[in-house]
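# 3D, please:
(2 chains)
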Amino acid sequence: MSSLSVEHLLGIKYLKEADIQLIFETADHFKEVINRSIKKVPSLRDITIANIFFENSTRTRLSFELAEKRLSADIVNFSAAQSSVKKGETLIDTVNNILSMKVDMVVMRHPNPGAGVFLARHVKAAIVNAGDGAHEHPTQALLDSYSIREKLGDVAGKKVVIVGDILHSRVALSNIFALRLQGAKVKVCGPRTLLPKYIESLGIEVETDLRKALNWCDVANMLRIQSERMDMSYFPTTREYTQQFGINKALLNSLERDIVIMHPGPINRGVEITSDVADSKQSIILNQVENGVAIRMAVIYLLASKIK
Amino acid sequence: MSRKVLLTSKEIHIILHRLACQLLENHLEFKNTALIGIQPRGIFLARRLTGILKESYGVEHIDLGYLDITFFRDDFRRGDKTLEASSTRMDFLVEGRKVVLIDDVLYTGRSIRAALTAIQSFGRPSEIELLTLIDRRFSRHLPIQPNYKGRQVDAINEEKVLVHWEENNGKDVIYLVNK
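Here you go, the predicted model:
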């Protein structure tokens, strides 16, 4: 297969296994490109991309922007805070206005689940979902799997536990889809209140004892508590959460074998993960960030090649 | 579809040795020269020449690299297919050195144009030369000519030059295929 089966990247849910492999193989080449002394290729010089962020972001926005620049695309950035959205403009109007300035691709982060799907139906541009509410964050899941593949050689057959606030996490959902598609075994671990009610229906197991979960897995993906999405109290105190679901060096060292530690960022040091674990040899957190640029270059390149 | 043999295994063997000698004449010990095969097809020729130079002419060390030009091509989004990349491998610096680009067939010259841009990502070579096994001389879109050529061919646009190598097709042979 030499092209993606989709026109937009709205979620991992819409991808096939072969799409993921193609993205990874393309990312391998881009990873080599971004380690050259001149980290830029001219592939997308006639493509214009709008980065539309209705929610805050550091890593994802920078990573997309770098990926686009390294492919030589022209880019326009838009963040809702400084825009006419505050004056009551609808999403379609905002995007259509941007598109009438001849934009070919839209990278969008939005607080509402399904915003990307909605946009793909109504506007004429390739859409990349950079996170839609608590729904999906496909490029994060791709770079997570890519980092596992890089570290452990393969994703198939590996045991991955996702720890923390699964309920509010788009990273968790996209990761579950991506890992399952590639044949990995997945468990989620966290307080019952932060696990979605029907999570088992996705074919994964639930574990509420962190030590047991960590002893089972090859990779632990630690997630942050998404306080900004919480409208009520889900656990008594942060301190209690940390005691039960935070990973620290003593716990890591007491495990039966060495596991790989991942975190999609932003890290709340001392809450879900202590500094000595985040900065340990077993952590691949910064590799994830580096791989993010290569993965996003691959996604943008492959989608752009389908724009007629 | 008809095809006729353009070069047999024996002819290819002789040509490869001649090309190796011509390279040797200009670069002698290959101390300041790197050979770079253009992906995906040029790497077979580059590997062969390197092998001949080392085994038959006693060159001790040759820097051999593979350059992928996919992201530098000028036909992105012009066709139906996604352009698929191959790997680039350059374990040496090209800054200030002589570079010989190697590809099997020189046709429109667009691949070489892309390669000339791509190589700049690795530094500024002092000089770039071009070696091709087959030169389709009347088909050029750009003012690009080889410094070393195996055989010149006057093929029309409907014809295709097909290069088979022993290592991936079982036998060295070059065909002229009429589509």
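# can you report phi and psi for the closest residue in space to residue A:67 that isn't next to it in sequence?
Spatial nearest neighbour of residue A:67, excluding adjacent residues (CB to CB, 6 or more residues apart in numbering or on different chains): residue A:296 at 3.7 Å. From N, CA and C alone the C-beta is placed, and that goes for glycine too. Note on residue A:296: its backbone torsions stand at phi -70, psi -30 [degrees, to the nearest 10].
# bridged to residue B:127, which residues?
Residue B:127 has the following beta-bridge partners by DSSP bridges: residue B:98.
# so what's it scoring on pLDDT?
At residue B:127, the model reports a pLDDT of 96.
# sorry, back to before: so what's the residue nearest to residue A:67 up against?
A:63-64, A:67-68, A:139, A:143 (CB atoms under 8 Å, 6 or more residues apart in numbering or on different chains).
# now do residue A:299
Residue A:299 neighbours (CB under 8 Å, 6+ apart): A:9, A:23, A:128, A:139, A:142.
# hang on, it in a helix?
Yes - with DSSP: H, G, I helix; E, B strand; the rest coil as the criterion, residue A:299 is part of a helix.
# which residues in the chain form helices?
If you meant another chain, say so; for now it's chain A. Using DSSP state H, the helices found in chain A span residues A:17-33, A:59-70, A:91-99, A:115-122, A:138-152, A:170-181, A:210-216, A:238-245, A:249-253, A:275-278, A:285-304.
# try chain B instead
B:9-27, B:42-55, B:110-119, B:166-169.
# send the alpha carbons of the last one over as PDB?
In this case it means helix B:166-169. Once non-C-alpha atoms are left out, helix B:166-169 reads as follows in PDB (Å, rounded to 0.1, in the frame of the first residue of the first chain):
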ATOM      1  CA  GLU B 166      21.600 -10.000 -10.700                       C
ATOM      2  CA  GLU B 167      21.000  -9.300  -7.000                       C
ATOM      3  CA  ASN B 168      17.300  -8.600  -7.300                       C
ATOM      4  CA  ASN B 169      16.200 -10.000 -10.700                       C
END
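# looking at that helix now, give me its mean pLDDT.
Averaging pLDDT along helix B:166-169 yields 89.
# for it, packing partners?
For helix B:166-169, not one helix or strand is in contact under the criterion 3 or more CB pairs under 8 Å, 6 or more residues apart in numbering or on different chains; DSSP states H and E.
# so what touches the helix-or-strand element of chain A with minimal mean pLDDT?
Ranking every helix and strand in chain A by mean pLDDT, DSSP states H and E puts helix A:91-99 at the bottom, with a mean of 84. Outside helix A:91-99, the residues within contact range by CB under 8 Å, 6+ apart are A:50, A:52, A:76, A:78, A:83-85, A:106, A:108, A:110, A:115, A:118-119, A:122-125.
# which among these count as buried?
A:50, A:52, A:78, A:85, A:106, A:108, A:110, A:115, A:118-119, A:123, A:125 (16 or more other CB atoms under 10 Å in any protein chain shown).
# so where's the chain uncertain?
No chain specified, so I'll use chain A. Scanning chain A with the threshold set as pLDDT under 70 gives A:1, A:82, A:84.
# nope, chain B please
In chain B, no residues with pLDDT under 70.
# ok, the spatially most central residue of it - contacts?
Centroid check for chain B by CA atoms, centre = their mean gives residue B:103 as the closest residue, at 1.2 Å. Contacts for residue B:103 (CB under 8 Å, 6+ apart) come out as B:37-38, B:41-42, B:45, B:111-112, B:115, B:130-133.
# from the residues you listed, which is closest to chain A?
Set against chain A, the nearest of the contacts of residue B:103 by CB to the nearest CB is residue B:115 (12.8 Å).
# so what's the closest residue to residue B:113 other than its chain neighbours up against?
Spatial nearest neighbour of residue B:113, chain neighbours left out: residue B:142 (5.5 Å); criterion: CB to CB, 6+ apart. By CB under 8 Å, 6+ apart, the contact list for residue B:142 reads B:108-110, B:112-113.
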